[in-house]
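sequence? don't have it. structure:
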């Protein structure tokens, strides 16, 4: 499983001791955390109060243990007793160096990413006085890549992670947050089982997953509402972004060829990298009676590239940093080394053996 380009990994803020919170609140937070994190084999999530956090929030240490080491996770949860707002992620204290707030944020992010960035703070506050922050660095292909974060009401703490509310269902929050506008759909939109796949055409594990999952989906289209979103890890994979742009072009010009294209790419990963992907895509279009000129216009569109990179950014914002990732009825499942746990979960959800 290939990890995504370096996310902002921030040092955890040391917090003062906190008296034990009410057991009912801790249980509610633990349940919320469990449904927010990726489901893993033999997974156990613990949420422990650690003290006052950024302005307006109580802070909790959140740990996920699993027999799958790739699914082990440690981070922080912030909860607002006033509004119920929940933030899950990393916390960093901003230096009080006299600079304007965007510059203070940019200094921290530049250090974390080891690359220069530009930070922008939204002018209007969200609940509890937090402000949304955009941190932009130059990505491959001249399209800026945006990380999203939040700064607390005191302007002293940067929180990088997901945002929701304890009263809301995390399974709905995650789907709204990543968005399905760029997804390709197949199956039955009225089915009780919704599966979202986020994958990278150049990822070897994605190809292995595709070989196992695709036959299951293809045989049960009446039972599943299936979506595929591109998650090209373009800072690790040379032609992943181009392949995803090809998929976007086909989705608009020749949607009937989209799934055949996916099969072709995953089945030929080893040979595709030996030539220009531009030529690979053109040959596919011409061999499959796709209007190459119409497809090429979308394939080379900077607007399409930006939309695709923004799609990757939204996935990262919500902790989806590896491929393939599957979301079953709003529950995230990583694939792990072999994918047995996730494939079994897909079969169980659909009702097949």
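Perfect, thanks for sending it. Everything numeric here is computed off the predicted structure, so don't read it as measured data.

switch to C-alpha atoms for all contacts and neighbour counts from now on
Noted.

you'd agree residue 329 is up against residue 191?
No - with contact defined as Cα atoms under 8 Å, residue 329 and residue 191 do not form a contacting pair (10.7 Å).

in the stretch 1-150 of the chain, which spans are strands?
If DSSP state E, counting those that start in this stretch is used as the criterion, the strands of the stretch 1-150 of the chain fall at 2-3, 44-52, 58-65, 73-79, 85-93, 118-121, 131-138, 144-151.

swap in the stretch 201-350 of the chain?
Per DSSP E, counting those that start in this stretch, the stretch 201-350 of the chain has strands spanning 224-230, 322-323, 325-328, 331-334. These are given in chain order.

can you give me the buried ones in stretch 201-217?
Within stretch 201-217, the residues that qualify as buried are 201, 202, 203, 204, 205, 206, 207, 209, 210, 213, 216, 217, counting by 16 or more other Cα atoms under 10 Å.

one more: stretch 94-113?
Of the residues in stretch 94-113, those buried by neighbour count under the rule 16+ other Cα under 10 Å are 94, 101, 103, 104, 105, 106, 107, 108, 109, 110, 112, 113.

next: stretch 259-266.
Within stretch 259-266, the residues that count as buried by 16+ other Cα under 10 Å are 259, 261, 262, 265, 266.

so which of the residues you listed is the closest to residue 275?
Nearest to residue 275 out of the buried residues of stretch 259-266 is residue 265 (Cα to Cα; 13.3 Å).

OK, contacts around that closest one?
Contacts for residue 265 (Cα atoms under 8 Å, 6 or more residues apart in numbering) come out as 201, 272.

and of the buried residues of stretch 201-217, the nearest to residue 283?
Once Cα to Cα is applied, the member of these that ends up nearest residue 283 is residue 201, at 17.1 Å.

for the closest one, phi and psi?
Dihedral angles phi and psi of residue 201 (degrees, to the nearest 10) take the values phi -60, psi -20.

how near is the closest residue to it other than its chain neighbours to residue 247?
In this structure, residue 201 finds its nearest non-sequential neighbour in residue 240, 5.8 Å apart by Cα to Cα, 6 or more residues apart in numbering. Remark: distance between residue 240 and residue 247 (Cα to Cα, to the nearest Å) = 11 Å.

who's more crowded, these two?
The residue with the greater number of neighbours, taking residue 240 and residue 247 and applying other Cα atoms under 10 Å, is residue 247; the counts read 27 against 23.
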